[in-house]
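turn this into a model:
(one chain, ligands or ions: 1)
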Amino acid sequence: MMTMMMGEKWAQLGSVIGSIMFAWAMFNQYFPQQLRDFILKYGQKFVGFLSPNIHITFHEFSGEYFKRSEAYAAIQTYLSDKSSMKAKNLKAEVVKDSSQSVILSMAENEEVTDEFEGVKLLWASMKHAPRTQSFSWYPEASDGKRYYKLTFHKSKREFVTRTYIHHVLQEGKEITVRNRQRKLYTNNPSQNWHGYQARKWSHVAFEHPSTFDTLAMESKKKEEIKNDLTKFSQGKEYYKKIGKAWKRGYLLYGPPGTGKSSMIAAMADFLKYDIYDLELTTVKDNTELRKLLIETTSKSIIVIEDIDCSIDLTGQRKKKKEKVEEEEPKDPVSKMAKDEEEESNSTKVTLSGLLNFIDGIWSATGGERLIIFTTNHVEKLDPALIRRGRMDKHIELSYCSFQAFKVLAKNYLDVDSHQLFETIGHLLEETNITPADVAENLMPKSLTEDADACLKTLIEALETAKEEARKKAEEDMRLKVEKEEKEKQQVAQEDVKVDESLAKEVKENCVEVVKG
Ligand SMILES: Nc1ncnc2c1ncn2[C@@H]1O[C@H](COP(=O)(O)OP(=O)(O)OP(=O)(O)O)[C@@H](O)[C@H]1O
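Residues are numbered from 1 along each chain as shown. All right, here's what the predicted structure looks like:
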């Protein structure tokens, strides 16, 4: 009985569908195009009038030149996460410049719901079939017009237009930045077809493994740096308000192997910024430097390593001072040679020049940039050039502390605590060893070497370093005493000489008096 009733229902449904399809075919065949468009347009309006929902569409291509809509791209990224969890039909696309090899998005005619601040919204991925097959320079655009349709209840109109859409676009852009393949730019000289050495940026994918998690450093200091970076990256309005370029300067200093380069990589990973490794020694003059700086993009870190080795640290100031003290040559040939030398000096890259026009260029180009200088010899730098405001934050990377060692032990050996930690802690207090050396000793040298063996190797290295430091201190002391002794002897010898010449003088004077 039940089966018979079901069968009748299916038959009725089938005939209804059949009638609708017949009517639709008649409509398409016998109604002229203009009338069909008119009926469809007003039919939709009528249905829309009855419906409590509002629809907003976001098309992929717009404008005369079929420019890909940024809003569409942001929505696609925003929905990517949600659709990969919820939608049944997904589309995989290889996206250029992304750290992810493929990005999943909703296939056409798929729907996915989103909830934001308690409001439910429906997104649908749609596509208009192309009416005619025509050639286009933009294959994506000629392949039908894709768009997203957002549906929501009319009572939420204000919330959606004022808050939700802004949230979706913002979040979509942020996800794009997070997933972006980061780049490492270098200013290597490249020859153009005139044979001229043009210096411009070339890049490779930046895939440095160092992050703040792997960085061996006191956690308090790490947090402080992370907070500073976060504050900077969110400070767009603040920098605008105070009328300054959105930039921040960091000076990283410390002995070799204490993690200056690792810190820069961790910063780039944390902010998802690109890195411009500026090799100043290959930059011809300030004009070339200015050009390179203009070409840097927003959300980037400009790094100048070993600043003390790569630039005239004293800048123009010292030259001017010397100029006053130097005597002007009299003959015209020497004067010309001196003028030429001065001119070539004035076109060279100087640190003061660099710092002076960074502000000017970046205020005009906008966007956020960090500039990082590193040095192994902070004492060599002119204090005026690294004063706050120019270098806003000075970070010292130093020898390995016990806390820093614990980070390395966790990373390299996966151990949080060990009976040998206490001994290592004491030895670290008495020895100066760089995190690079500690890391080297913690690395297992063979497949059979376990944490115990690696920690023992480190203890041996620490004891050797301690012994060497003791011997060096003794040797330094011996040399110091020897030097002081020599100086004393020299002074004594000079005193004897003075006494002898005085005695001679007195004797001669006496002889003259007697003669007189
Ligand atoms: N603080 C650290 N945390 C984690 N690893 C570190 C740290 N310092 C050094 N290392 C390890 O030592 C290696 C060398 O360190 P890094 O190049 O960062 O030092 P650096 O201070 O920049 O040295 P240099 O002044 O010679 O360029 C890194 O590849 C890393 O493995």
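
mind checking pLDDT for the closest residue to the ligand within the stretch 251-400 of the chain?
Among all residues of the stretch 251-400 of the chain, Gly259 sits closest to the ligand, at 2.7 Å; criterion: C-beta to the nearest ligand atom. Every C-beta, even on glycine, is put in place using the N, C-alpha and C of the backbone. As predicted, Gly259 sits at a pLDDT of 93.

show me where the stretch 51-200 of the chain has strands.
53-59, 61-62, 67-68, 90-93, 103-106, 111-116, 119-128, 145-153, 183-186, 189-191, 197-199 (DSSP state E, counting those that start in this stretch).

and the third one, what does it pack onto?
The one in question is strand 67-68. Contacting strand 67-68 under the criterion 3 or more C-beta pairs under 8 Å, 6 or more residues apart in numbering; DSSP states H and E is no other helix or strand.

what about Lys127, how many residues nearby?
14 (other C-beta atoms under 10 Å).

residues contacting it?
Residues near Lys127 by C-beta atoms under 8 Å, 6 or more residues apart in numbering: Glu108, Asn109, Gly144, Lys145, Arg146, Tyr147.

what is the nearest of the residues you listed to the ligand?
Nearest member of the contacts of Lys127 to the ligand, counting by C-beta to the nearest ligand atom, is Arg146, at 45.5 Å.

quick one: end-to-end length of stretch 187-201, please.
Separation of the first and last residues of stretch 187-201 by C-alpha to C-alpha, to the nearest Å is 5 Å.

what's the mean pLDDT across stretch 206-225?
For stretch 206-225, the per-residue pLDDT averages 91.

what about it, start to end distance?
Per C-alpha to C-alpha, stretch 206-225 runs 22 Å from first to last residue.

can you list contacts of that stretch?
In contact with stretch 206-225 (C-beta under 8 Å, 6+ apart) are residues 181-184, 226, 259, 261-263, 265-270, 274-275, 393, 395, 397, 400-401, 403-405, 407-408, 411, 435, 438-439.

report the buried members of the residues you listed.
Neighbour counting over the contacts of stretch 206-225 (16 or more other C-beta atoms under 10 Å) leaves 182-184, 259, 261-263, 265-269, 274-275, 393, 395, 397, 400-401, 403-405, 407-408, 435, 438-439 as the buried ones.

after the helix or strand that contains Met21 comes which helix or strand?
Met21 is part of helix 2-30 when elements are defined by DSSP states H and E. Elements were assigned by DSSP H and E; along the chain past helix 2-30, the next helix or strand is helix 33-50.

contacting residues around that next one?
Taking C-beta under 8 Å, 6+ apart as the rule, helix 33-50 contacts Phe27, Asn28, Phe31, His55.

farthest pair in those residues?
Phe31 and His55 (25.4 Å; C-beta to C-beta).

where does this structure have its least confident helix or strand?
helix 315-325 (a mean of 41; mean pLDDT, DSSP states H and E).

all helices in the stretch 301-450 of the chain, in order from the N-terminus.
307-310, 315-325, 332-347, 351-365, 402-413, 421-430, 435-442 (DSSP state H, counting those that start in this stretch).

interface residues of the stretch 301-450 of the chain facing the ligand?
Asn376, Leu397, Pro435, Ala436, Ala439 (C-beta under 6 Å from any ligand atom).

just the chain next, same as before
214-217, 256-262, 376, 397, 435-436, 439.

which residues in the stretch 351-500 of the chain form strands?
369-375, 393-396.

okay, these, which one's buried deepest?
strand 369-375 (a mean of 24; mean count of other C-beta atoms under 10 Å).

how distant is that strand from the center of its chain?
11 Å (C-alpha atoms, centre = their mean, to the nearest Å).

and it, which strands flank it?
If you go by DSSP bridges, strand 369-375 pairs up with strand 247-253 (parallel), strand 300-304 (parallel).

returning to what we had before: any idea which of the strands of the stretch 51-200 of the chain is most buried?
Sort the strands of the stretch 51-200 of the chain by mean neighbour count, taking mean count of other C-beta under 10 Å, and strand 103-106 sits at the top with a mean of 20.

list the neighbouring strands of that one plus their orientation.
strand 90-93 (antiparallel).

how far does the partner strand sit from its chain's centre?
Taking mean C-alpha positions (C-alpha atoms, centre = their mean), strand 90-93 and its chain are 29 Å apart.

what does stretch 424-439 give?
30 Å.

one more: stretch 258-265?
Its chain's C-alpha centre lies 13 Å from the corresponding centre of stretch 258-265 when counted by C-alpha atoms, centre = their mean.

got the contact list for that stretch?
With C-beta under 8 Å, 6+ apart, stretch 258-265 has contacts from 208-211, 214-217, 225, 252-254, 275, 301, 303, 305, 372, 374, 395, 397-399, 434-436.

emit the ChimeraX select command for whichever of the residues you listed are buried.
Restricted to buried positions by 16+ other C-beta under 10 Å, the ChimeraX selection for the contacts of stretch 258-265 reads:
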select :210,214,215,216,217,225,252,253,254,275,301,303,305,372,374,395,397,398,399,434,435,436
